[in-house]
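Trainee: Please work out how this folds:
(chains A and B)
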Amino acid sequence: MSWKIKALKKSIWVFHINAGACNNCDIEIVNLLTPKFDVERFGIKLVGSPRHADALLVTGVGTRQAARRLQEVYRQTPKPCAVFCMGACACGMGIFEGGYHVAGPVDNIIKEVDPNAIIAYVPGCPPKPQAMISGVVKALAAIDESTP
Amino acid sequence: MIDDVAENLFRILIFPGLFFTLALGLFASWLVRKVSALVQYRVGPPLLQPAWDIVKLMGKEVLIPSEAQKTVFICAPLVGMAGVLLLSTMLWRIAIRPSDVFVGDLIVAVYLMVLPSLALILGGSSSASPHAAVGSSREMKLVLGYELPLVLALIVVIIKSGGVLNLAAISQSAPIASVSGFLAFVAALLCVQAKLGFAPFDIAESETELAGGVIIEYSGVLLAIWKIMQAMMLVALPLFLVMTFLGGFGATAGTWIWGIVKYVILVVLVILIKNTNPRVRIDQAMRFFWVYCTVLMALAILLASVGHRYGLAWL
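Mentor: Alright, predicted model coming up:
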């Protein structure tokens, strides 16, 4: 494992994007960042600019309006970075599957820009903050295994 | 000759220069996050967290906006860090060997303290981002606001110590033990709060509305240099206050321990002010510094002059 990935895992700055969510996942993400769950213990911090971010927390189904913006934000994020699809919609379109306004699940939209993107999924409607922490921990473990 | 060069390089690069200041700065920024966490009843980051942040940023891609003024964009963080590094090296050198100073080092220190803010303004305005432009203009107004009361507070210190412009001589006495000195200390502490970019004066960087403000477009190693600069400021600026207002470090081991305790208390005081105050608007900050602080400092200078004229040390 290269030192870049090792340091990345020790300090993940997240940027939150709403790609057409109903605001439910967003509230849970804000809940995740409150003192009660204290993710700063793991070096996780919310930042205001994608240029500072190491992980994008994407919520929502990825509407046609949001898709291009999402791709643009992904391009503006310095690599290496990870994408976390938060909630049922972001993972697999949820109840909006086949909707006229849907541009596809978030991972397809990201993979149009970068086929090798690191994408992790946290299902749930909305996922609990505990589930999000668990998802992040499992994703980090997976990066460990997949990188020689 | 070779020995001189080696010694100077050692001073600049290892102690008390780059390496030492960086290590102490990262420790101080850990202290900021840990004490903030304790104030909010949570556990907070581990000790090595600021170091991991820097290492991680070193390994990230550097993105430069296509419309940015590239040279200035890249040079600004380096200039800022160099200024703070020089200030920190100079102050530690004076604290360790008070005989090894030059007259007027106080003025040099005041100049060097402005350098990081100037670098932030340059970096922000060269990055071709509307957020950074607003951040730069706020930083500029903030600098105009706090420089005046800070210089007036230092004039009180100079009057108190009998008109010398020499940090080693100034740090022999502790002006905080007098009325005017205490007023000047309070104003200077708030100016340092603004210089550090901490709440209630984190207007230029305000995460919530400007999303990082002046440093919004920076990424990778350039952002790491900004973070290192901010960490080093946590070393240099409280140290400057300790030397000017709180009587410095003295010469014996006992006074050195007391000096370090004074530094830590000052840093914790800054953190507590940061954690218990909401951000003010830029016009409120300007009014605060220009109207209240400046008038207070004019009063303090008057008191200090009267005290000096009639030999009343407590005034």
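Trainee: any idea how far chain B is from A:Ala131?
Mentor: Going from A:Ala131 to chain B by C-beta to the nearest C-beta, to the nearest Å gives 20 Å. C-beta: built from backbone N, CA, C; applies to glycine.
Trainee: Wait, A:Asn24 touches A:Pro126, no?
Mentor: Yes - using C-beta atoms under 8 Å, A:Asn24 makes contact with A:Pro126 at a distance of 4.5 Å.
Trainee: So which residues on chain A come close to chain B?
Mentor: Along chain A, the residues adjacent to chain B under the rule C-beta under 8 Å from any C-beta of the partner chain are A:2-4, A:7-8, A:10-11, A:35-36, A:38, A:40-41, A:43, A:47-49, A:51-52, A:54, A:76, A:78-80.
Trainee: Tell me where the model's unsure across chain A.
Mentor: Scanning chain A for pLDDT under 70 picks out A:1, A:144-148.
Trainee: What of the stretch 51-200 of chain B?
Mentor: Within the stretch 51-200 of chain B, no stretch falls below the threshold (pLDDT under 70).
Trainee: With just CA atoms, put stretch A:16-33 into PDB.
Mentor: Output of stretch A:16-33 as PDB, limited to C-alpha atoms (Å, rounded to 0.1, in the frame of the first residue of the first chain):
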ATOM      1  CA  HIS A  16     -21.300  16.600   0.700                       C
ATOM      2  CA  ILE A  17     -23.300  16.800  -2.600                       C
ATOM      3  CA  ASN A  18     -27.000  16.500  -3.000                       C
ATOM      4  CA  ALA A  19     -27.700  15.000  -6.400                       C
ATOM      5  CA  GLY A  20     -31.500  15.200  -6.100                       C
ATOM      6  CA  ALA A  21     -32.200  13.700  -2.700                       C
ATOM      7  CA  CYS A  22     -35.300  14.200  -0.700                       C
ATOM      8  CA  ASN A  23     -33.200  15.700   2.100                       C
ATOM      9  CA  ASN A  24     -33.600  12.700   4.400                       C
ATOM     10  CA  CYS A  25     -30.100  11.300   3.800                       C
ATOM     11  CA  ASP A  26     -28.700  14.800   4.100                       C
ATOM     12  CA  ILE A  27     -30.200  15.200   7.500                       C
ATOM     13  CA  GLU A  28     -28.600  11.900   8.600                       C
ATOM     14  CA  ILE A  29     -25.300  13.000   7.200                       C
ATOM     15  CA  VAL A  30     -25.500  16.300   9.200                       C
ATOM     16  CA  ASN A  31     -26.400  14.100  12.100                       C
ATOM     17  CA  LEU A  32     -23.300  12.000  11.500                       C
ATOM     18  CA  LEU A  33     -21.100  15.100  11.800                       C
END
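Trainee: tell me the centre residue of chain A?
Mentor: A:Phe84 (2.2 Å; C-alpha atoms, centre = their mean).
Trainee: is it true that that residue touches A:Ala120?
Mentor: Yes - counting by C-beta under 8 Å, A:Phe84 does reach A:Ala120; the two are 5.1 Å apart.
Trainee: All good on my end, thank you.
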